[in-house]
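Enquirer: Fold the stuff below for me.
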Amino acid sequence: MATEATTDDGSDAPDAYDALLDRARRWNTVGSAAGVLGWDQQVMMPEGGTPARSKQLSTLSSIRHDMLTDDETADLLAALEDADLTDEQAAAVREIRREHRRAAAVPVGLVEEISETGSEALQAWEQAKADDDFETFAPYLRKHVELKREYAEHIDPDRDPYEVLFEEYEPCLSIERAEAILTELREALVPMIDAIRESDRDLAVDTFDGAYPTDAQEALARDALEYLGYDFDRGRLDVSSHPFTSGNQFDCRVTTRFDESDPLGAIGSTIHEFGHAQYNLGLPKEHWATPLGEARDLSVHESQSRLWENHVGRSRAFWEQFLPMMTDRFPDAADATVEDAYEAANQVYEDNLIRVEADELTYHLHIVARFEIERDLIRGDLAVEDVPEVWNDKYEQYLGIRPETDAEGCLQDIHWSHGNFGYFPTYSLGSVMAAQLYDAADAAIDDLEGSIADGDFDPLRDWLATNVHAHGSRYETNELVERATGEAFSADAFLAYVDEKYGELYDL
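Expert: Model (predicted):
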């Protein structure tokens with residue numbers, strides 16, 4: 001409790017702590033309101049709403065920035081510098097101090113300009129992707145790169161700007177650790193994928209070939225969410241050009257998208273977003289809008305979505321009960337067996353160009369390509385106008401395929417329209433973390449696979465809620481993983497998992 005906090009001279013310090021937490025609630029509430037507007041822009045807003053929406057979001061962004069960086073916040077943090085705080089209080093102050101220091105270094109005008117550019121760039125990206133016209137988006141990407149370089153320079157002019165931006169999304173793991181894990185994955189997965197492509201094993205990859213109407217797919221996506229335990233009283237399902245999750249422990253919404261020739265893609269993306277939503281909805285309600293009620297950054301967030309998507313949704317056990325639900329919606333697939341569905345869901349594609357439709361292995365080479373391109377853009381080693389060609393070259397080098405259009409190449413992701421440079425590595429970091437967490441859950445839960453096969457997800461949801469969600473941002477990433485699994489964060493569990501799984505599937 002706040003009344004336990006004292007300063008170094010023994011005087012009570014609850015007022016400073018309570019006042020700081022109250023201010024954090026206020027600026028995080030402003031940020032939450034901006035999140036609803038952002039969700040609306042991607043899901044519900046009419047096309048003509050962008051000029052007003054960009055101003056609305058930039059205004060909220062500047063208000064939040066002002067509250068976070070003003071003298072009162074600085075004075076409260078100074079008053080608590082040497083205070084005798086409880087562990088929870090110290091964690092909350094640590095997180096607020098980190099955010100304050102970064103924000104205080106950046107002029108509010110730059111914050112507004114980045115926000116406004118993001119709103120305009122989003123509309124430009126959507127149009128450019130629809131028209132397969134990179135030149136439409138290029139000026140906005142160029143402006144984002146310039147603004148984000150300036151942003152990084154304000155925070156720390158003596159460090160690699162990409163490293164500074166990476167810390168926006170993963171402040172607790174170093175860029176060196178991220179690069180090391182990406183390198184470890186690339187070195188392990190490239191030869192594994194080559195061996196798979198040379199394998200004589202024929203999987204049932206055509207199990208769900210055919211046409212699957214969008215309305216029936218949407219009904220199945222809703223079935224999947226209900227089956228897994230999504231709380232529709234605190235959420236909703238919608239459609240967007242790029243699936244995403246937005247919200248908090250009281251209101252967390254998911255979106256997905258549909259391709260009539262690929263029902264597994266919609267199932268996978270829906271389960272992925274369920275994992276994100278389950279994390280948000282599981283955060284402590286009593287700590288809403290404070291660090292103790294906020295998710296622990298994007299690597300951990302991605303671990304939750306990838307755990308549900310891959311370790312649950314791609315498992316044989318999951319398809320025991322879900323396949324009949326699918327064939328109820330699509331009677332033409334009635335002849336499919338659980339093994340057929342399992343093999344179709346885990347095939348390694350020869351020619352997949354789209355990250356969000358990628359299989360579990362080649363997915364990481366999609367991430368490596370994006371990581372290298374955005375890193376070089378921010379460092380000034382790559383010009384914006386060269387992005388399409390470099391993108392295509394990297395895909396040919398890493399994946400053995402070359403995009404024929406920018407829409408299926410460098411325009412496929414939404415992240416750069418938001419100016420989110422440094423985000424992509426967290427996808428692979430999260431996948432690695434998911435394997436480690438799932439291993440720990442499997443060891444702790446009696447017959448976890450049997451529970452999943454029975455459609456009982458309570459044991460896994462409860463384990464994740466206790467070991468991950470309930471802590472908010474109390475622990476930094478490494479400590480959170482070690483507390484949950486008993487081991488330091490590493491790629492060992494992931495590499496063992498894919499080696500066993502795909503070795504069996506493809507007789508490696």
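
Enquirer: What is the burial count for the nearest residue to residue 111 once chain neighbours are set aside?
Expert: Using CB to CB, 6 or more residues apart in numbering and skipping the chain neighbours, the partner closest in space to residue 111 is residue 65 (4.6 Å). Any C-beta I mention is one placed from the backbone N, CA and C, and that applies to glycine too. Per other CB atoms under 10 Å, the neighbour tally for residue 65 reads 23.

Enquirer: In contact with residue 65: list those residues for me.
Expert: In this structure, residue 65 makes contact with 103, 106, 108, 111, judged by CB atoms under 8 Å, 6 or more residues apart in numbering.

Enquirer: and the last one, what is it in contact with?
Expert: By CB under 8 Å, 6+ apart, residue 111 lies in contact with 61-62, 65, 103.

Enquirer: Is it possible to get those residues out as CSV so that each row also shows secondary structure, pLDDT and distance to residue 478?
Expert: Formatted as CSV, the contacts of residue 111 follow (DSSP: H, G, I helix; E, B strand; the rest coil; pLDDT from 0 to 100; distance: CB to CB, whole Å):
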residue, secondary structure, pLDDT, distance to residue 478
61, helix, 91, 30
62, helix, 91, 34
65, helix, 93, 29
103, helix, 93, 24
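
Enquirer: before we move on, back to that, residue 30 versus the residue nearest to residue 111, what's the distance?
Expert: Taking CB to CB, to the nearest Å as the criterion, residue 65 is separated from residue 30 by 9 Å.

Enquirer: Next: residue 436.
Expert: Distance check for residue 436 against residue 30: by CB to CB, it reads 35 Å.

Enquirer: ditto for residue 369
Expert: 36 Å.

Enquirer: Identify, by residue count, the longest strand of the chain.
Expert: The strand spanning the most residues in the chain, taking DSSP state E as the definition, is strand 252-256.

Enquirer: how about the helices in the stretch 51-200 of the chain?
Expert: For the stretch 51-200 of the chain, the helices defined by DSSP state H, counting those that start in this stretch occupy 71-79, 87-104, 108-131, 134-155, 161-169, 175-198.

Enquirer: So residue 83 is in contact with residue 17, correct?
Expert: Yes: counting by CB atoms under 8 Å, residue 83 sits close enough to residue 17 to count as a contact (7.3 Å).

Enquirer: And the two? Which one has more around it.
Expert: Set side by side, residue 83 and residue 17 give different neighbour counts by other CB under 10 Å, the larger being at residue 17 (24 against 20).

Enquirer: quick one on the thing from earlier: turn the helices of the stretch 51-200 of the chain into CSV, columns for distance to residue 269.
Expert: What follows is the helices of the stretch 51-200 of the chain, written out as CSV (distance: least, CB to CB, whole Å):
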stretch, distance to residue 269
helix 71-79, 39
helix 87-104, 30
helix 108-131, 17
helix 134-155, 23
helix 161-169, 20
helix 175-198, 22
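
Enquirer: Most tightly packed of the ones you listed?
Expert: Mean neighbour count (mean count of other CB atoms under 10 Å) peaks for helix 161-169 among the helices of the stretch 51-200 of the chain, with a mean of 22.

Enquirer: just checking, what packs against that one?
Expert: helix 134-155, helix 175-198, helix 297-306, helix 363-379 (3 or more CB pairs under 8 Å, 6 or more residues apart in numbering; DSSP states H and E).

Enquirer: now it against helix 297-306, angle please.
Expert: Between the direction of helix 161-169 and that of helix 297-306, the angle (axes from the mean of the first three to the mean of the last three CA atoms, to 10 degrees) works out to 60 degrees.

Enquirer: which residues are in contact with helix 161-169?
Expert: Residues outside helix 161-169 that contact it (CB under 8 Å, 6+ apart) are 102, 148-149, 151-153, 155-156, 175, 178, 297-299, 374-375, 378-379, 420-423, 425-426.

Enquirer: ditto for stretch 31-39
Expert: Among residues not part of stretch 31-39, those counted as contacts by CB under 8 Å, 6+ apart are 53, 56-57, 60-61, 64, 246-248, 253, 289.

Enquirer: could you redo the last one with a cut-off of 10 Å?
Expert: The contact list for stretch 31-39 (CB atoms under 10 Å, 6 or more residues apart in numbering) reads 25, 45, 49, 53, 56-61, 63-65, 67-68, 115, 118-119, 122, 236, 238, 240, 244-248, 250-251, 253, 255, 288-289, 418.

Enquirer: Going by neighbour count, which of the residues you listed are buried?
Expert: Burial by neighbour count, 16 or more other CB atoms under 10 Å: within the contacts of stretch 31-39 this picks out 25, 45, 49, 53, 56-58, 60-61, 63-65, 67-68, 115, 118-119, 122, 236, 240, 244-248, 251, 253, 255, 288-289, 418.

Enquirer: Which residue ranges make up the domains of the chain?
Expert: Structural domains assigned to the chain are 2-158, 175-506, following automatic domain parsing.

Enquirer: Go through the ones you listed and find the least confident stretch.
Expert: When the domains of the chain are compared on mean pLDDT, domain 2-158 scores lowest, with a mean of 92.

Enquirer: how many other residues sit next to the residue nearest to residue 225 when sequence neighbours are not counted?
Expert: Among residues not flanking residue 225 along the chain, residue 274 sits closest, at 5.8 Å (CB to CB, 6+ apart). Close neighbours of residue 274, defined as other CB under 10 Å, add up to 29.

Enquirer: Can I get the helix or strand where residue 274 lies in PDB, CA atoms only?
Expert: Take DSSP states H and E as the rule and residue 274 turns out to sit in helix 263-282. Once non-C-alpha atoms are left out, helix 263-282 reads as follows in PDB (Å, rounded to 0.1, in the frame of the first residue of the first chain):
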ATOM      1  CA  PRO A 263      -9.900 -20.700 -44.300                       C
ATOM      2  CA  LEU A 264      -6.900 -21.700 -42.200                       C
ATOM      3  CA  GLY A 265      -5.500 -18.200 -42.600                       C
ATOM      4  CA  ALA A 266      -8.500 -16.600 -40.900                       C
ATOM      5  CA  ILE A 267      -8.500 -19.200 -38.100                       C
ATOM      6  CA  GLY A 268      -4.900 -18.700 -37.400                       C
ATOM      7  CA  SER A 269      -5.100 -14.900 -37.300                       C
ATOM      8  CA  THR A 270      -8.200 -15.000 -35.200                       C
ATOM      9  CA  ILE A 271      -6.600 -17.300 -32.600                       C
ATOM     10  CA  HIS A 272      -3.400 -15.100 -32.700                       C
ATOM     11  CA  GLU A 273      -5.400 -12.000 -31.900                       C
ATOM     12  CA  PHE A 274      -7.300 -14.000 -29.200                       C
ATOM     13  CA  GLY A 275      -3.900 -14.500 -27.500                       C
ATOM     14  CA  HIS A 276      -3.300 -10.800 -27.500                       C
ATOM     15  CA  ALA A 277      -6.800 -10.100 -26.200                       C
ATOM     16  CA  GLN A 278      -6.600 -12.700 -23.500                       C
ATOM     17  CA  TYR A 279      -3.400 -11.000 -22.100                       C
ATOM     18  CA  ASN A 280      -5.100  -7.600 -22.000                       C
ATOM     19  CA  LEU A 281      -8.300  -8.900 -20.500                       C
ATOM     20  CA  GLY A 282      -6.200 -10.800 -17.900                       C
END
